[in-house]
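J.: The sequence and its predicted three-dimensional model are supplied below.
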Amino acid sequence: MDRRVVITGMGAITPIGNTVLDFFQNIRDGICGIDYIKAFDTEGFSAKLAAEVKDFDPKDYMDAKEARRMDRFSQFALAAAKEAVEDSALNLDQINRDRFGVIVGSGIGGIANIEKEAWNLFNKGPRRINPLFIPMIITNMAAGNLAIKYGARGICTNVVTACATGTHCIGEAFRNIKHGYADIILAGGTEASITPLSIAGFTTVTALSKSTNPHRASIPFDKERDGFIMGEGAGILVMEEYEHAIRRGAKIYAEVVGYGATCDAYHITSPSPDGDGAARAMKLAIEEANIKPKNVSYINAHGTSTEINDKFETASIKLTFGADAYKIPISSTKSFIGHLLGAAGAVEAIVSVKALEQSYIPATIGLTIPDEECDLDYVPGIGREQVLDYVMSNSLGFGGHNASIIFKKVI
C-alpha cells in the first residue's frame, strides 16, 4: 500500500537569507540578491554579476576541522541540513537509522577545488595536490557528509541532472518513502559554482546574462532577458512518512503528492521547442497526485531568464493545462536569487511549500517588459495574497532532464 509523504523540516542557505525565515521574508519583501561578483576579479569576463551567499561562515555550523575537509558546496549542504533537522525536531536517538536516508545532489560539485588543485598541479607539481582533493570535489560528498553527520544508514545517493538535480532528489526521496523503502530522508540540492572557470564556461556556452544592472539581469519571461545569473546555496527538506510524523507529533508543512520525470531526448542544452518533455513531466505529476490540471493553484517555474527556456517552458505549460494555463499564476524564484543549478529545485521547493503555508504567491521581480511569446500570468513585480491548495514546482536541466513535483496543503 502506498504511503503518504510529508515535509516536516526545511533549511536554506541562499543569496537573500541563510535561514528559511529570512529567505522567504526577503522573497515577500522583493529583495534581489544579485550584485557584482566579489569572489574573484572579473576583469576580462563579460559576465560580471552573480547572486552570492552573504555572511556565510562555515564555523557557525560545524567545527573548523570539519569545514577544512569540505568544499563550499558540502558546507552549504551541512548548514542547510542543520536548520532542517532542528526545524523538524527529530530525536535522532529514537528513530530507526537503517530507515533514515539522504538524497542530496549537486550539479557540479567542488569546482572551486578543481580550479585550485589544477593550478597547483601545473605550477607546483603532482606531489602538491591536497590528499583530500577527490573526497572534496565529487558530487556525492554532500550526501555522504550528511549521512555521516546524522548517522543515516538507509539509502544515501545523489541525483545529478544539472539544473533539475534538486527536484529529482526530492522526487526520488518521495518515491522511496511512498513505496516503503525509508521512513525519513534528507533531500535537496547544493551548489557553489561562482568561480572563474564556471562563469567562463557558462558564458562561452552563451547561457549567462551580460547585463551590468543587477535589477535587469535575471528577468525571467521579460522581453529583454539575455541569459541567466549564476547563484549559489543549498536547500534541504526533511521528508517523512505521514504516520511516522504524526506519531512523534511533528509539525507538517505540506504533503508531497506527485512527481514526474522525463527526458526531451532532443539537445544537450536546449529544451524541446514544442515543450513536450516538460509537459509530460507535469502531466505525470498531476496524474500521480490524482488531481485535475485546473486544481493546480500556482506554478513555481524553472524560469531561467534565457530566451529559449522561458519561451519553451511557456509552451510546455500551455500544452499541459490548455486554456487553464492563462488562469494559473506562475513565477520564477530565479528573479530573486539567480540560478542555483543543482540547488535550484530544492530552494524553489522551499518557496513552494512556504507559499502554501502562508497563502502567498511570490512575484517575478524585474519583469517589466512583456514578451508576446510568454503571455501567461507571471505575477510581475509584486506578490499576491491567495489561498493555495496545490503548488507545482518545475525544473529543466541541460541534457533534456525534466522534473515536476506537486505539494499539497495539509489541513
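T.: Ah, there it is.
J.: Check which helices and strands the longest helix seen in the chain sits against.
T.: Of all segments of type helix in the chain, defined using DSSP state H, the longest is helix 72-88. Applying 3 or more CB pairs under 8 Å, 6 or more residues apart in numbering; DSSP states H and E, one finds that helix 72-88 contacts strand 5-13, helix 141-150, strand 184-191, strand 233-241. Where you see a C-beta, it was placed from the backbone N, CA and C, and this is true even at glycine.
J.: So which elements touch the longest one?
T.: Using 3+ CB pairs under 8 Å, 6+ apart as the contact criterion, the secondary-structure elements in contact with helix 141-150 are helix 72-88, strand 100-105, strand 156-157, strand 184-191.
J.: about what we covered before: could you say which one of the helices and strands packed on helix 72-88 comes nearest to Val256?
T.: Of all the helices and strands packed on helix 72-88, the one in closest proximity to Val256, counting by CB to CB, is strand 5-13 (4.7 Å).
J.: Helices of the stretch 201-350 of the chain, residue ranges please.
T.: Assigned helices in the stretch 201-350 of the chain, in chain order: 242-247, 276-289, 307-321, 334-337, 344-358 (criterion: DSSP state H, counting those that start in this stretch).
J.: Which stretch among these is buried most, on average?
T.: helix 334-337 (a mean of 30; mean count of other CB atoms under 10 Å).
J.: what's next to that helix, contact-wise?
T.: The contact list for helix 334-337 (CB atoms under 8 Å, 6 or more residues apart in numbering) reads 14-16, 26-27, 30-34, 51, 218-220, 228-229, 231, 233, 302-305, 344, 347, 362-367.
J.: Looking at the helices and strands packed on helix 72-88, spot the one closest to Phe45.
T.: The closest of the helices and strands packed on helix 72-88 to Phe45 is strand 184-191. By CB to CB, the value is 19.2 Å.
J.: which neighbours does that closest one have in its sheet, and in what orientation?
T.: Each strand paired with strand 184-191, and its direction, by DSSP bridges: strand 100-105 (parallel), strand 233-241 (antiparallel).
J.: Output these in JSON lines; the columns should cover distance to Ser211.
T.: Conversion of the strands paired with strand 184-191 to JSON lines gives the following (distance: least, CB to CB, whole Å):
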{"stretch": "strand 100-105", "distance to Ser211": "29"}
{"stretch": "strand 233-241", "distance to Ser211": "21"}
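J.: any chance of those in CSV, plus mean pLDDT and mean neighbour count?
T.: As requested, these are exported to CSV (pLDDT from 0 to 100; neighbours: other CB atoms under 10 Å):
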stretch, mean pLDDT, mean neighbour count
strand 100-105, 98, 31
strand 233-241, 98, 31
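J.: Indicate which one of those strands is closest to Leu78.
T.: Within the strands paired with strand 184-191, the stretch nearest Leu78 is strand 233-241; the backing value is 8.6 Å (CB to CB).
J.: wait, which of the helices and strands packed on helix 72-88 is closest to Ala254?
T.: Using CB to CB as the criterion, the shortest distance between Ala254 and the helices and strands packed on helix 72-88 is 5.1 Å, found for strand 5-13.
J.: Any buried residues in whichever helix or strand comes after that closest one, and which?
T.: Heading C-terminal from strand 5-13, the first helix or strand you meet, by DSSP states H and E, is helix 20-28. Within helix 20-28, the residues scored as buried using 16 or more other CB atoms under 10 Å are 20, 23-24, 26-27.
J.: related to what we said a few turns ago, deepest of the helices and strands packed on helix 141-150, which one?
T.: That would be strand 184-191, which, of the helices and strands packed on helix 141-150, has the most neighbours on average (mean count of other CB under 10 Å), namely a mean of 35.
J.: CA atoms of it as PDB?
T.: What follows is strand 184-191 as a C-alpha-only set of coordinates in PDB (Å, rounded to 0.1, in the frame of the first residue of the first chain):
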ATOM      1  CA  ILE A 184      12.800   9.700   6.800                       C
ATOM      2  CA  ILE A 185      15.000  11.200   4.100                       C
ATOM      3  CA  LEU A 186      17.000  14.400   4.000                       C
ATOM      4  CA  ALA A 187      16.500  15.600   0.400                       C
ATOM      5  CA  GLY A 188      17.600  18.500  -1.700                       C
ATOM      6  CA  GLY A 189      20.400  20.100  -3.500                       C
ATOM      7  CA  THR A 190      23.500  22.300  -3.100                       C
ATOM      8  CA  GLU A 191      25.800  24.200  -5.300                       C
END
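J.: taking the mean pLDDT, what do you get for that strand?
T.: pLDDT averaged over strand 184-191 equals 98, rounded to a whole number.
J.: For Gly151, grab the count of nearby residues.
T.: The burial count assigned to Gly151 is 11, neighbours taken as other CB atoms under 10 Å.
J.: circling back: need the buried residues of helix 20-28 in JSON lines with distance to Asn402 and pLDDT, can you?
T.: Written out in JSON lines, the entries for the buried residues of helix 20-28 read as follows (distance: CB to CB, whole Å; pLDDT from 0 to 100):
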{"residue": "Val20", "distance to Asn402": "26", "pLDDT": "98"}
{"residue": "Phe23", "distance to Asn402": "26", "pLDDT": "98"}
{"residue": "Phe24", "distance to Asn402": "26", "pLDDT": "98"}
{"residue": "Asn26", "distance to Asn402": "29", "pLDDT": "98"}
{"residue": "Ile27", "distance to Asn402": "25", "pLDDT": "98"}
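J.: Dump these to CSV, plus distance to Glu115.
T.: Supplementary listing: the buried residues of helix 20-28 in CSV, determined by distance: CB to CB, whole Å:
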residue, distance to Glu115
Val20, 31
Phe23, 28
Phe24, 33
Asn26, 30
Ile27, 32
